[in-house]
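K.L.:
could you look at this predicted model? Sequence included:
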Amino acid sequence: AQTVTQSQPEMSVQEAETVTLSCTYDTSESDYYLFWYKQPPSRQMILVIRQEAYKQQNATENRFSVNFQKAAKSFSLKISDSQLGDAAMYFCAYRSAWKSSGDKLTFGTGTRLAVRP
Amino acid sequence: DGGITQSPKYLFRKEGQNVTLSCEQNLNHDAMYWYRQDPGQGLRLIYYSQIVNDFQKGDIAEGYSVSREKKESFPLTVTSAQKNPTAFYLCASSPPGQPYNEQFFGPGTRLTVL
C-alpha cells in the first residue's frame, strides 16, 4: 500500500516571501500521479497543482511550483510571493496510474500554512 | 452551475442512530468517493464507486454503507456500528478517462454524535 508523509504539521511565511512544503511518499509503482490540494478555512478542497510521475519536468501553476524527485520519492510545493489568501491547510496526495486501483487518492496528514502580514 | 452539493452542512446524531449524508453532482462524472477527515489524520477513503450500481470499500469502510442507484447521487449511511462517527465528511467525484483528472470535492458535512 502507498503512504504519503507530510512531516511539517505547521509552517509560517511572511507575506511576499517564498515557502516550501515537504511531501514524501512510498510506493513500489513506477507510474503514478501526485497532487497538492489546498483547504482554506471554508474547508472546500481546491486542487493547486498536479504532476505525472513519467514527466521529468516539474509542474508550475503561476506562483505555485513543485520539486519532484522521483528517485527520492519527494514532491515538495513551493509558493512564491506568498499572499494572505494562501493561508490554508495543504495536502499532498498520491494516485496510482493502474485502473485496478480505482483512481483512489491517498492523502498525507497535511501542513497548516500561516501567512504573516 | 455545475458542482457537487452535500447536505446537510451540519448534522447531529444520537448514539445508536443511523444517519444518511447526501451527495449529489451534476458534472456527469462517473466516479464518486467518500472521505472522512479527522484532525491530524488527513483524508481517509471510506467508499468509492466507479459506475452506477457498483461500489468498493475503501480503507475505513467498517460501520458505513453506500448505494449508487443513480449516476448523480452517492449517499453515505453512517450506522450505529461505527464506533467514532464524529468527523468531517467529504464527497468527491471525477470524470472518466485518465487518472490524471482531478477529483472535485463538495463543501462537506460535519457530523457530531451527541
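P.N.:
The structure has been received and is ready for your questions.
K.L.:
pLDDT score assigned to residue B:15?
P.N.:
Note on residue B:15: pLDDT of 87.
K.L.:
around it, how many other residues sit close by?
P.N.:
The burial count assigned to residue B:15 is 8, neighbours taken as other CB atoms under 10 Å in any protein chain shown. For glycine as for every other residue, the C-beta is placed from the backbone atoms N, C-alpha and C.
K.L.:
pLDDT below threshold where in chain B?
P.N.:
B:1, B:98-100 (pLDDT under 70).
K.L.:
can you list the residues of it near chain A?
P.N.:
Residues of chain B found near chain A (CB under 8 Å from any CB of the partner chain) are B:31, B:33, B:35, B:40-45, B:48, B:50, B:56, B:58, B:88, B:90, B:92, B:94, B:99-100, B:102-103, B:105, B:107-108.
K.L.:
and if we set it to 7 Å?
P.N.:
B:31, B:40-43, B:45, B:48, B:50, B:56, B:58, B:88, B:90, B:94, B:99-100, B:102-103, B:105, B:107-108 (CB under 7 Å from any CB of the partner chain).
K.L.:
can you pull the contacts of the nearest residue to residue A:8 once chain neighbours are set aside?
P.N.:
Nearest non-adjacent residue to residue A:8, counting by CB to CB, 6 or more residues apart in numbering or on different chains: residue A:111, 4.8 Å away. With contact set as CB atoms under 7 Å, 6 or more residues apart in numbering or on different chains, residue A:111 has these partners: A:6, A:8-11, A:21, A:90.
K.L.:
show me which of those residues are buried.
P.N.:
A:6, A:8, A:11, A:21, A:90 (16 or more other CB atoms under 10 Å in any protein chain shown).
K.L.:
ok, the residues you listed vs chain B, which is closest?
P.N.:
residue A:6 (8.0 Å; CB to the nearest CB).
K.L.:
and that closest one, how far is that from residue A:115?
P.N.:
Separation of residue A:6 from residue A:115 (CB to CB, to the nearest Å): 18 Å.
K.L.:
next, give phi and psi for residue A:85.
P.N.:
Torsion angles at residue A:85 (phi, psi; degrees, to the nearest 10) stand at phi -70, psi -10.
K.L.:
and for stretch B:22-37, what's in contact with it?
P.N.:
Contacts for stretch B:22-37 (CB under 7 Å, 6+ apart): A:103, B:2-7, B:43-51, B:60, B:66, B:72-76, B:87-96, B:103-104, B:106.
K.L.:
start to end distance for that stretch?
P.N.:
16 Å (CA to CA, to the nearest Å).
K.L.:
same check on stretch B:33-53?
P.N.:
OK, stretch B:33-53 end separation, CA to CA: 14 Å.
K.L.:
check which residues of that stretch are buried.
P.N.:
Neighbour-count burial for stretch B:33-53, counted by 16+ other CB under 10 Å, picks out B:33-37, B:42-50.
K.L.:
now do the helices in chain B.
P.N.:
Counting by DSSP state H, chain B yields no residue ranges for helices.
K.L.:
in it, which residue is most central in space?
P.N.:
residue B:34 (2.8 Å; CA atoms, centre = their mean).
K.L.:
please list the residues of chain A that sit near chain B.
P.N.:
Counting by CB under 7 Å from any CB, chain A sits next to chain B at A:33, A:35, A:43-45, A:47, A:50, A:52, A:91, A:95, A:97, A:102-105, A:107-110.
K.L.:
residue ranges in chain A under the pLDDT threshold?
P.N.:
A:99-102.
K.L.:
got the residue ranges for the helices in it?
P.N.:
Under DSSP H, chain A gives no helices.
K.L.:
please name the nearest non-neighbouring residue to residue A:116.
P.N.:
According to CB to CB, 6+ apart, the nearest residue to residue A:116 is residue A:14 (5.1 Å).
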